[in-house]
Each structure stands twice: as C-alpha cells, then as structure tokens.
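J.: the following comprises the amino acid sequence and a computationally predicted model.
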Amino acid sequence: MLNFINYTKLTQSINLQRLIAPAVLAIGCTLPFYASAHFQMIYTPELLRAKGGNISLKMPFTHPAASGHVMKVDKPQAFYMIKKGKKTDLLDKVSEIEWESAVDTGHAYQADVKLRGLGDYVFISKPSPYFEAEEGFYIQQITKTIVNVGGLPTDWNEDFGLAAEIVPLTKPYAIYEGGIFTGVVKSRGQAVPFAEIEVEFVNYEPEMENNRFAKTPLMVTPSDVFITQTIYADANGTFNFVLPQAGQWGFAALDIGEQKTYKDKKLSQDAVIWVQATKLP
C-alpha cells in the first residue's frame, strides 16, 4: 500500500468522496488519502460572554484542524446578525485581512461588531462561491456562529429558512467537554435526510491580534484519519456528535442547498455551524 504525504501537504483536498475518481475506484486501488476539510469560519474566542461590548469576528476559508491552506474568496454576498428576531445587515462592517496558517498566508475577512444587551447574537455569512480548481466545481458554505451574552437564550434554535442550514437542538455555546451536540440539517426549512456531515476541531487556536493560527496544536490525533470526522444525519436530518475536547468545533453538511450550479459548473452549497465545548469546572 502506498503511503502519501501527511495532511499538512494535502490542504487543497476535501474528503474521500471528492478525492478519489470513479476510475481509480473501479480498478480497486486502495490508497490512504488523509485530508482535512474546507470550512468557512466565523471565529471569535468565546461564544458565551458575561457581558456585551466590542468583538472581532475572523472569517478565513481554510482547514482549521490542520492549520491548512487559506483559500482566496471574494467578499461575502451577505453577512448579517439576528437578535431577538431582528435582522441587522453587517456587510458594510466586513473588511479584508490576510490570514496565516502553517502552510501559507491567504486572503480572508473580519468584522468588528458591538454587542448590546443580553441574548443570542446569530451571525450568518453567505460567502461568494469558491472555485475548487482541482475538483472542477464551486463551494459555497452558508455559515452560522451564535454568540450569547449573559446566558439568556433567545434565538439559538431558530430555523431561519436558509438555503443550507444546520439548526441546533443543543445550545451551541453551553456544552461541556464530553457532551453531545445535536442538530438538524435543513434546506429552506425542510429536513435533509441522510446528509453527509464533516466535523473538525479548531486544533490550532486563532491568534486574533496576529491574524494567524497558533504554531502548535491543542491536541495530537492518534492517526490522520481523525483529522476530519465524517458522520451522517438520520432519515429526519438529525445528527449527534460527542465533543471530546474543549474548544470550538465546526460541522459542515455537504451539498444540501437548493442551488446546484454556478457559472455553468457544479455548486456544492453547504451548511456550516460552529459550536464550543467547555471544560468541566
């Protein structure tokens, strides 16, 4: 069996399904491809805050478990916040930055926002589609990050009717390390049965002031196959995942959106949500 280079050099790969061509499978070639997944981030260090104030949200499109390749994407098509049912457009607050990973430095975005009052702040980004040249199709990851102030729940479990969406059934900011996150994969409010979901841990902590991932990982995986976990929703679009390590985790439900083409090429319209596990006191 051939042994490929380690995952940090495979940062432009997506997952097993997207990597292996049907022709290769047909001849029975069993090659161990270890790849990290694409994830659109909306990152701020603490999803549960005692009080409001100014926060910065970093938005690289990258491979967070591997501190991998940072992909250049045009400015988001939409970026907004929902609090107590009220939608606030934040696209004018989005600015360009450069984000550094262990592999390269690439184009990314950030937004500086002020949180006023208690409750949930649901940040939603609809990025511009990214062309994955190696695979010949576009990827658009509609992403949610929910920040809570003061422990007062308001909007965290709302279904916003997005083209691609993961609706949490567990508060995404109130999960103990070792606890379970449960969500439902939906498209325009309708559950997507048996959706494929990639899961990654933010293993290289983002350094907010320096716009980069930390140099050392928070944990070392026992094997490269643990870098990206792949799970499936059930017939009702529901899934569960135990968060074994404190920190932030991303869930990406693949190719579930209603739009299937962009610029005459295939479009994978994915849903991403970020959740945070906290150590037991």
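T.: Received the coordinates, thanks.

J.: mind showing which ranges of the protein have poor pLDDT?
T.: By pLDDT under 70, the weakly predicted segments of the chain are 1-36.

J.: give me the distance between Thr88 and Arg188.
T.: From Thr88 over to Arg188 the distance is 22 Å, taken as CB to CB, to the nearest Å. In short, each C-beta sits where N, CA and C put it, glycine included.

J.: then Ala111?
T.: Taken as CB to CB, the span from Ala111 to Arg188 is 26 Å.

J.: more neighbours: those two, which one.
T.: Each of Ala111 and Arg188 had its neighbours counted (other CB atoms under 10 Å), and the higher figure belongs to Ala111 (22 against 12).

J.: and that one, how close does it get to Leu90?
T.: When CB to CB is applied, the distance between Ala111 and Leu90 equals 6 Å.

J.: what is in contact with the two at once?
T.: Contact criterion CB atoms under 8 Å, 6 or more residues apart in numbering; residues bridging Ala111 and Leu90 by contacting each: Phe79.

J.: how about the strands in the stretch 151-281 of the chain?
T.: 165-168, 175-176, 180-187, 190-191, 196-201, 206-207, 212-213, 229-232, 238-242, 247-253, 261-262, 265-278 (DSSP state E, counting those that start in this stretch).

J.: Pro76 is nearest to which of the ones you listed?
T.: With respect to Pro76, and counting by CB to CB, the nearest of these is strand 265-278 at 12.9 Å.

J.: buried sites along that closest one?
T.: By neighbour count, with 16 or more other CB atoms under 10 Å as the criterion, the buried positions of strand 265-278 are Leu267, Ser268, Gln269, Asp270, Ala271, Val272, Ile273, Trp274, Val275, Gln276, Ala277, Thr278.
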